[in-house]
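> Need a 3D model of the sequence below.
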Amino acid sequence: MRTSRAFIALLAVVLALTACTDVSSPEATQARGGSPAQAASEPAVPQVARPWQKGMPELGVNVLWEDSKDDDDEVTRAKARRLLDYLISLNVNAVAVNFPFVINGRYGTSVGAHKAHTPSPERMAILLEEAQRSRMRVAIRPLLDETSVAPAWRGKISPSSRDKWFTSYTKFLTPYAEMAREHRVAEFVVGVELNSLQGDPRWKKVVTALRSSFDGELSYSVNFDVYEDGLRTPPVDRVGVDAYFKVQADDDASVAKLTAAWERWLDRHADDRAAGLVLHEVGIAAQNGGYRHPASWGKSSVPLNLTVQRNWYQAVCNSAESRKLAGVYFWYMRMHHDPGSEDPKQADRLTFVDRPAESVLRDCYERLGA
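You can find the predicted model right below:
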């Protein structure tokens, strides 16, 4: 009931703002491609204090949007506004919008939307409109829902016909790429952790097709293990890393020890490329044993440990600063999270929302963005 009341109150505020006469500046609206007349009709909203520009670090958060068909467009916009206002309070200047898609089994060749959880391009546009108003950098990431390939991991899929899979995948992504171009999205990620397909030459056709639909940066999210191995990647503008490497450290390991582990990993695998490296995903489960298995979702039987998550976040921040990384995107929060109303002991071990790691993230981004 606490969450419901908070959300209803938020929705009332949003509706009230819609009716008010405060407006965003005409200059800001024209910079987004709108007119002064449009500016006069838009209510003021919180905005990123220092909007991202080339050469600045991307200080980001990953948002997982598993759509709820019970939410109409008005509720979706209210949730988008709540999310963005929260991210701005954390000194975030960039958001990666992750949305699920499915295939027909590990060996399947048909790619499509999950009938209940994949937001349509039209629904996603609502969030992008609000992000534009807040001057937030946006990346879009299609994320293969592993329930459709269980018990396999997304990096182990093996389509019976790669030609059909890549054709279907391109067809599925194209409407999202077109929508992203319309809303001036900065980055479109063509694939995430698709290890088994990563070196396939068919990616060239996918990238070529998406370039005709999207005029921003095309990227690919490589998993840390194949990043370490140097496996060939799709011919995109930039490759980011999902960094979940394991560290042999006890739960009471100091921040200094964890920072040293991070810096060793970066020095070994990124070397002189670190200054251009973006961590597309980085995070850890708030539980015992997290350092040895950072990407583990965990089980309810594994004891909760908020300090493990907090110290890992601090080590990431320290290393991003010392190695001058180009960007960091912490994993994660959900589109439906209600910050300020979540239980720190919630079953979702990977989120930082309303946990001590949240304060680390806020302080980190304040320092890195100064």
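> Which stretches in the stretch 201-350 of the chain count as helices?
For the stretch 201-350 of the chain, the helices defined by DSSP state H, counting those that start in this stretch cover 203-211, 224-229, 255-269, 306-322.
> deepest of these, which one?
Of the helices of the stretch 201-350 of the chain, the one with the most neighbours on average (mean count of other C-beta atoms under 10 Å) is helix 306-322, at a mean of 22. (Glycine included, C-beta is placed from N, CA and C.)
> So what's the residue count around Leu279?
If you count neighbours by other C-beta atoms under 10 Å, Leu279 ends up with 26.
> Find me the pLDDT at Ala260, would you?
Per-residue pLDDT puts Ala260 at 98.
> I'd like the distance between it and His114.
If you measure Ala260 against His114 using C-beta to C-beta, to the nearest Å, the figure is 41 Å.
> By mean pLDDT, flag the weakest helix or strand of the chain.
Every helix and strand in the chain was compared by mean pLDDT, DSSP states H and E; the lowest is helix 26-31, with a mean of 37.
> Now do the contacts for Ala116.
By C-beta atoms under 8 Å, 6 or more residues apart in numbering, the contact set of Ala116 is 67, 69.
> how far away is it from Glu66?
8 Å.
> tell me which residues in the longest strand that the chain contains are buried?
Longest strand in the chain by number of residues (criterion: DSSP state E): strand 94-103. Residues 94-103 are the ones in strand 94-103 that count as buried (16 or more other C-beta atoms under 10 Å).
> so what's Phe166 up against?
Neighbouring residues of Phe166 by C-beta under 8 Å, 6+ apart: 200, 202-203, 205-206.
> Which strand or helix spans it?
Remark: Phe166 resides in helix 162-182, with elements defined by DSSP states H and E.
> so that helix versus strand 94-103, what angle?
Angle, helix 162-182 to strand 94-103, by axes from the mean of the first three to the mean of the last three C-alpha atoms, to 10 degrees: 150 degrees.
> buried ones in helix 162-182?
For helix 162-182, the neighbour count (16+ other C-beta under 10 Å) marks 165-170, 172-174, 176-177, 179-181 as buried.
> Now for Val360: which residues touch it?
Val360 is in contact with 310, 313-314, 317, counting by C-beta under 8 Å, 6+ apart.
> Kindly report the same for His183.
Listed by C-beta under 8 Å, 6+ apart, the contact set of His183 reads 125, 128-129, 132, 138.
> please redo it, this time with the cut-off set to 7 Å
Applying C-beta atoms under 7 Å, 6 or more residues apart in numbering to His183 gives the contacts 125, 128-129, 132.
> Tell me the confidence at it?
As summarised for this prediction, His183 has a pLDDT of 97.
> Show me where the chain has its strands.
Here the chain has its strands, by DSSP E, at 58-64, 94-103, 111-112, 137-144, 187-192, 217-223, 238-242, 278-282, 327-334.
> Out of the helices of the stretch 201-350 of the chain, which gets nearest to Ser300?
With C-beta to C-beta as the criterion, Ser300 lies closest to helix 306-322 of the helices of the stretch 201-350 of the chain, at 15.5 Å.
> what's in contact with that closest one?
The contact list for helix 306-322, computed with C-beta under 7 Å, 6+ apart, reads 251, 255, 258-259, 262-263, 266, 282, 284, 286-288, 290-291, 328, 344, 352, 355-357, 360-361, 364, 368.
> what's the answer for stretch 241-259, then?
Residues from elsewhere that reach stretch 241-259 (C-beta under 7 Å, 6+ apart): 193, 221-224, 227, 261, 265, 277, 279-282, 288, 291-295, 305, 308, 311-312, 314-315, 318-319.
> coming back round to it: tilt between the helix holding Phe166 and strand 187-192?
With the same axes, to 10 degrees defining the directions, helix 162-182 sits at 160 degrees from strand 187-192.
> Next, the angle strand 217-223 makes with helix 162-182.
Helix 162-182 and strand 217-223 are oriented at 130 degrees to each other (the same axes, to 10 degrees).
> Could I have the CA atoms of helix 162-182 written out in CSV?
Extracted in CSV, the C-alpha atoms of helix 162-182 (Å, rounded to 0.1, in the frame of the first residue of the first chain):
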residue,chain,number,x,y,z
ARG,A,162,21.8,-17.9,-38.8
ASP,A,163,20.6,-16.2,-42.0
LYS,A,164,17.0,-16.4,-40.8
TRP,A,165,17.9,-15.3,-37.3
PHE,A,166,19.8,-12.2,-38.4
THR,A,167,17.1,-11.3,-40.9
SER,A,168,14.4,-11.6,-38.2
TYR,A,169,16.5,-9.7,-35.7
THR,A,170,17.0,-6.8,-38.1
LYS,A,171,13.3,-6.7,-38.9
PHE,A,172,12.5,-6.5,-35.2
LEU,A,173,15.0,-3.8,-34.4
THR,A,174,14.2,-1.5,-37.3
PRO,A,175,11.0,0.2,-35.9
TYR,A,176,12.9,0.9,-32.6
ALA,A,177,15.8,2.4,-34.6
GLU,A,178,13.5,4.6,-36.5
MET,A,179,11.8,5.8,-33.3
ALA,A,180,15.2,6.4,-31.8
ARG,A,181,16.2,8.7,-34.7
GLU,A,182,12.9,10.6,-34.4
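> for the record, mean pLDDT for stretch 76-96?
pLDDT averaged over stretch 76-96 gives 98.
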